[in-house]
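**Q** Sharing a sequence plus its predicted fold:
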Amino acid sequence: MDNQEILMQDLATEEDEALGYSLRPEWLNEFIGQERAKEQLRIHIEAAKKRGDALEHVLLVSPPGLGKTTLAKIIANEMQSGFKQAIGPIMERLDLASTLTNLDKGDVLFIDEIHRMKGYVQESLYPAMEDYHLDLAIGQGPASDVVQVSIAHFTLVGATTREGLLAGPFRDRFGIRIHLDYYEAEDLQQSIRINSGKLDINIDENAEYTLARRSRGTMRIANKLLANVRDYAQVKGNGVLSHEIAEEALEFFGIDERGLDAQDYAYFQTLIEKFNGRAGLKALAVALSEDERTISEVYEPYYIKEGFLMLTPGGRVATDAAHEYFNYPVNSQISLF
């Protein structure tokens, strides 16, 4: 399989594969929560359809697991358009040119982790996004020439967890910016109820809410917990996912009341015990044997939301709330600078 095929495969997520099929909604009216984002998209989509135009380019911004890929597919469905998917950091100019020249009018090109796309590849997208043409170099050296190739009016949907890493001129070319927030427990509970029906899980209302509260405001985690607790109920219980079984299963899997697990406890143990409550990202990554990007993009946004962590000019700082929650004395000597 060549690089282009790898880039453009419309693969199910690991979570979908683990569950046997996709639990993702396919239409805006099926998407739970994110009401403001959905209403923004609904207005833009309806207006584009009335004009008979392609939708403006869309930038989806959020921490991981909140539904960016799902929304990109929904946009294509709502626009009745084709859908192509690529991954930003491994995309090169030739991949991009091949992809863009094969798009039909109105097609959605979804690029995940678009903030990790190489700068020169981002720049090659500028004329495609604004004027719907590509500048292709023909030949090499002094005899080379640049030929403009027209492409169909398409919609680029970019997904990012780090909007600030996008070049300013690239970011400005997205006409629609959608920010997804962490989900409320009630939204997650509704999703768990719907997905339990799809998976033929007999679950009670209290168990739904228990799972929702421990899902860290993240739909992807809610689906993972549902699948894991279902397995526990089938082996340790009578197959019914009751509140008692849910609590027992979550304790077994090491998920606490705030959805934190052993990795999260290790993070704050390291930050507070080894670094006295303040450390730089590189030092933390080395101490935890973890990738810096995973720490900053996957773990830390939730810590910040929960009030456990502050990002300061002097590094990562564990808040008083973190000291109290993880049973450490509050350190009043920590500097924020």
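**A** In hand now; what should we look at? Nothing here was measured: the structure is a model prediction, and the numbers come from that model. Numbers count the residues shown, from 1 in each chain.
**Q** would you list every one of the strands in the stretch 201-337 of the chain?
**A** Secondary structure of the stretch 201-337 of the chain (DSSP state E, counting those that start in this stretch): strands at 202-203, 240-241, 278-279, 309-312, 315-318.
**Q** Mean pLDDT lowest where, among these?
**A** Across those, strand 240-241 has the smallest mean pLDDT, namely a mean of 88.
**Q** quick one: contacts of that one?
**A** 196, 201-204, 207, 229-230, 233 (Cβ atoms under 8 Å, 6 or more residues apart in numbering). Any C-beta I mention is one placed from the backbone N, CA and C, and that applies to glycine too.
**Q** Please list only the buried members of those residues.
**A** 196, 201, 203, 207, 229-230, 233 (16 or more other Cβ atoms under 10 Å).
**Q** Tally up the residues packed near N228, please.
**A** Neighbour count for N228, taken as other Cβ atoms under 10 Å: 17.
**Q** distance between the ends of stretch 99-114?
**A** Across its full length, stretch 99-114 reaches 15 Å between end residues, using Cα to Cα, to the nearest Å.
**Q** if we can go back for a sec, reformat the buried ones among the contacts of strand 240-241 as JSON lines; add distance to D172.
**A** Shown next, in JSON lines, are those (distance: Cβ to Cβ, whole Å):
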{"residue": "S196", "distance to D172": "43"}
{"residue": "I201", "distance to D172": "46"}
{"residue": "I203", "distance to D172": "46"}
{"residue": "A207", "distance to D172": "46"}
{"residue": "V229", "distance to D172": "44"}
{"residue": "R230", "distance to D172": "45"}
{"residue": "A233", "distance to D172": "50"}
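**Q** circling back: for D131, find the nearest of the strands of the stretch 201-337 of the chain.
**A** strand 309-312 (38.7 Å; Cβ to Cβ).
**Q** tell me which residues in the closest one are buried?
**A** Across strand 309-312, burial judged by 16+ other Cβ under 10 Å covers 309-310.
**Q** do the same with stretch 116-133
**A** 116-117, 121-122, 124-125, 128-129, 132.
**Q** Now do the same contact list for S196.
**A** Taking Cβ under 8 Å, 6+ apart, we find S196 in contact with 202-203, 208, 226, 241.
**Q** now V108
**A** By Cβ under 8 Å, 6+ apart, the neighbours of V108 are 55, 72, 75-76, 79, 81-84, 154-155, 157.
**Q** Do you know the pLDDT at the residue positioned nearest the centre of the chain?
**A** The residue lying closest to the centre of the chain (Cα atoms, centre = their mean) is P64, at 3.0 Å. Looking at P64, its pLDDT stands at 93.
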